[in-house]
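*Asks:* Sequence and predicted structure are below.
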Amino acid sequence: GEDVEQSLFLSVREGDSSVINCTYTDSSSTYLYWYKQEPGAGLQLLTYIFSNMDMKQDQRLTVLLNKKDKHLSLRIADTQTGDSAIYFCAESRYSSASKIIFGSGTRLSIRP
Amino acid sequence: SQTIHQWPATLVQPVGSPLSLECTVEGTSNPNLYWYRQAAGRGLQLLFYSVGIGQISSEVPQNLSASRPQDRQFILSSKKLLLSDSGFYLCAWSTTGTYYGYTFGSGTRLTVV
């Protein structure tokens, strides 16, 4: 099975909050990330959280980490049309190759 | 500042033709380099990574190969493309230890016809 799992789609109304969820399997994960991919573009790092943190807030973005349940979430407050994109959850594990494992991405669409 | 360049942006190639995609990084030394493929509507699949010149690790068996002839140059190649090689190819770099994540290039959309 996938190491990092996300739901494929999320639709929210403009101005509402969006919550994108992610689960991972490896308890040795050190950092967890959220990336944003706009159509036809590469991935942009939105935020990351170290595994010894529970929460991180950056303007409209709030990341919550539940290590016990291996659950990560990204909350986008006051969702705007520019937030339409695919959001990837990812985890890293310490190794010399420094690999990051990505989820399959959640496509966020905004309703007027 | 560090930048990553990837080209071409789009490519249409016939089945059986060769492929060469290039990625270069500026403003850093000894980066870790990665090639990912994103099939239509799918997530990211790690194809190759490199921690140094001439050091290539392959994640999945496939029709593609990678090379790193210089410290900041990463090339993805194929001798004969298959239809299944179509997808969006992304190059990325990181410093040793992914604490700050990867920085991705803008991607190459490859269509094999």
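*Replies:* Good, I have the coordinates. Residues are numbered from 1 along each chain as shown, chains lettered A, B, ... in the order given.

*Asks:* which outside residues touch the lowest-mean-pLDDT helix or strand in chain A?
*Replies:* The helix or strand of chain A with the lowest confidence, counting by mean pLDDT, DSSP states H and E, is strand A:100-102 at a mean of 86. Applying CB atoms under 8 Å, 6 or more residues apart in numbering or on different chains, the external contacts of strand A:100-102 come out as A:3-4, A:24, A:26, A:33, A:35, A:88-93, B:36, B:43-44, B:94, B:98, B:101-102. Any C-beta I mention is one placed from the backbone N, CA and C, and that applies to glycine too.

*Asks:* Which neighbours in the sheet does that strand have, and how are they oriented?
*Replies:* Sheet partners assigned to strand A:100-102 using DSSP bridges are listed as strand A:85-93 (antiparallel).

*Asks:* For the strand it pairs with, which outside residues touch it?
*Replies:* A:3-4, A:6, A:20, A:22, A:24, A:26, A:28-39, A:43, A:46, A:72, A:74, A:98-103, A:105-108, B:43-44, B:98-99, B:101.

*Asks:* I'd like the mean pLDDT over that strand, please.
*Replies:* What strand A:85-93 shows for mean pLDDT is 90.

*Asks:* buried set for that strand?
*Replies:* A:85-93 (16 or more other CB atoms under 10 Å in any protein chain shown).

*Asks:* just stretch A:67-78 next, same as before
*Replies:* Taking 16+ other CB under 10 Å as the criterion, stretch A:67-78 shows A:70, A:72-76 as buried.

*Asks:* Could you pull up the mean pLDDT of it?
*Replies:* 94.

*Asks:* Same check on stretch B:31-38?
*Replies:* Per-residue scores along stretch B:31-38 average to 93.

*Asks:* So what's the gap between that stretch and the chain middle?
*Replies:* Computed by CA atoms, centre = their mean, to the nearest Å, the chain-centroid distance of stretch B:31-38 equals 5 Å.

*Asks:* what does it contact?
*Replies:* By CB under 8 Å, 6+ apart, stretch B:31-38 touches A:97-98, A:102, B:23, B:25, B:44-51, B:66, B:68, B:71-72, B:74, B:76, B:87-96, B:98, B:102, B:107.
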